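# Sequence plus the predicted model coming up.
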Amino acid sequence: MGCSQCTGRSKVPMGEELKSYETSRNPVFLNIYDILMANYSSYSWVSVGVYHTGVQVHNEEYSFAGHRDTEHTGLKITDPRDTTWIHDAMFREVVPMGYTDKSRDEVRKIYNKLKSQYRGPSYNVLDLNCNHFTRHFLQELGIKKRFPGFITAVSDNAAHARYCLPPAFRRDLRDQG
């Protein structure tokens with residue numbers, strides 16, 4: 001792995017280390033996961049791949065995933081960097097996004113407000129995926145830092161070329177049998 005100075009990746013406090021950071025300015029991090037083995041190829045230096053993201057604040061991670069259960073949200077709260085529920089995901093890096101003055105209760109209220117917008121069946125790889133949610137959630141937390149463009153490059157470009165894609169990529173989960 002190497003040190004954070006060597007890899008360019010930040011060391012982000014977790015668990016007990018994070019308690020000393022809990023103030024009126026709470027740190028917010030974007031956790032990035034590789035979800036395709038192609039991301040690990042020799043071309044990974046170009047930063048183009050398929051990624052899952054989650055927002056870490058108050059030592060909890062908020063993210064969105066699709067499923068077919070129409071009764072439940074696709075939003076999820078987990079321990080930071082827990083990949084047990086994401087098929088073939090591997091933690092890649094963390095990006096410090098800034099600070100929020102929102103308390104844990106205020107963050108949960110934002111999460112609860114967004115539940116109906118991010119239902120499991122509404123997940124669509126091009127139009128409404130985990131990265132769209134994390135960008136929205138960061139805005140709701142008052143984060144002004146620009147969302148890293150490489151994360152959504154594939155879905156953004158594919159959305160523009162959607163009619164050149166196989167039909168399975170043009171439908172959401174409600175249309176799949």
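Cool, the structure landed. No experiment lies behind these values; they were computed from the predicted model shown. Numbers count the residues shown, from 1 in each chain.
# residues near the residue lying closest to Ala65 once chain neighbours are set aside, how many?
For Ala65, ignoring the flanking residues on the chain, the nearest one in space by Cβ to Cβ, 6 or more residues apart in numbering is Gly74 at 5.5 Å. Bear in mind the C-beta positions are built from the backbone N, C-alpha and C, glycine included. When neighbours are counted by other Cβ atoms under 10 Å, Gly74 registers 23.
# go on, Val55?
That count, for Val55 with other Cβ under 10 Å as the rule, works out to 26.
# Name all residues that make contact with it.
When contacts are counted by Cβ atoms under 8 Å, 6 or more residues apart in numbering, Val55 touches 28-31, 61-63, 97, 134, 137-138, 141.
# List just the nearest of the residues you listed to Pro121.
Ser63 (16.6 Å; Cβ to Cβ).
# Just to check, the closest one is in contact with Phe133?
Yes. Counting by Cβ atoms under 8 Å, Phe133 is a contact partner of Ser63 at 6.9 Å.
# shared neighbours, the two?
With contacts defined as Cβ under 8 Å, 6+ apart, the residues shared by Ser63 and Phe133 are Leu75.
# circling back to that earlier point, could you dump the contacts of Val55 to CSV with neighbour count?
Shown next, in CSV, are the contacts of Val55 (neighbours: other Cβ atoms under 10 Å):
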residue, neighbour count
Val28, 23
Phe29, 21
Leu30, 23
Asn31, 24
Glu61, 20
Tyr62, 24
Ser63, 25
Met97, 22
Thr134, 25
Phe137, 25
Leu138, 23
Leu141, 21
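# On the three-state scheme, Ile151 is what?
helix (DSSP: H, G, I helix; E, B strand; the rest coil).
# Report how many residues lie close to it.
If you count neighbours by other Cβ under 10 Å, Ile151 ends up with 23.
# got a list of contacts for stretch 93-108?
Defining contact as Cβ under 8 Å, 6+ apart, one finds that stretch 93-108 is touched by 9-10, 12, 24-32, 55-58, 60, 62, 110, 138, 141-145, 148.
# residues of that stretch that come out buried?
Neighbour counts over stretch 93-108 (16 or more other Cβ atoms under 10 Å) mark 93-95, 97, 99-100, 102, 107 as buried.
# That stretch: end-to-end distance?
Length of stretch 93-108, first residue to last, Cα to Cα, to the nearest Å: 24 Å.
# so for that stretch, what's the average pLDDT?
Average pLDDT, stretch 93-108: 96.
# before we move on, back to that, looking at the buried residues of stretch 93-108, which are in helices?
Judged by DSSP state H, the subset of the buried residues of stretch 93-108 located in helices is Val107.
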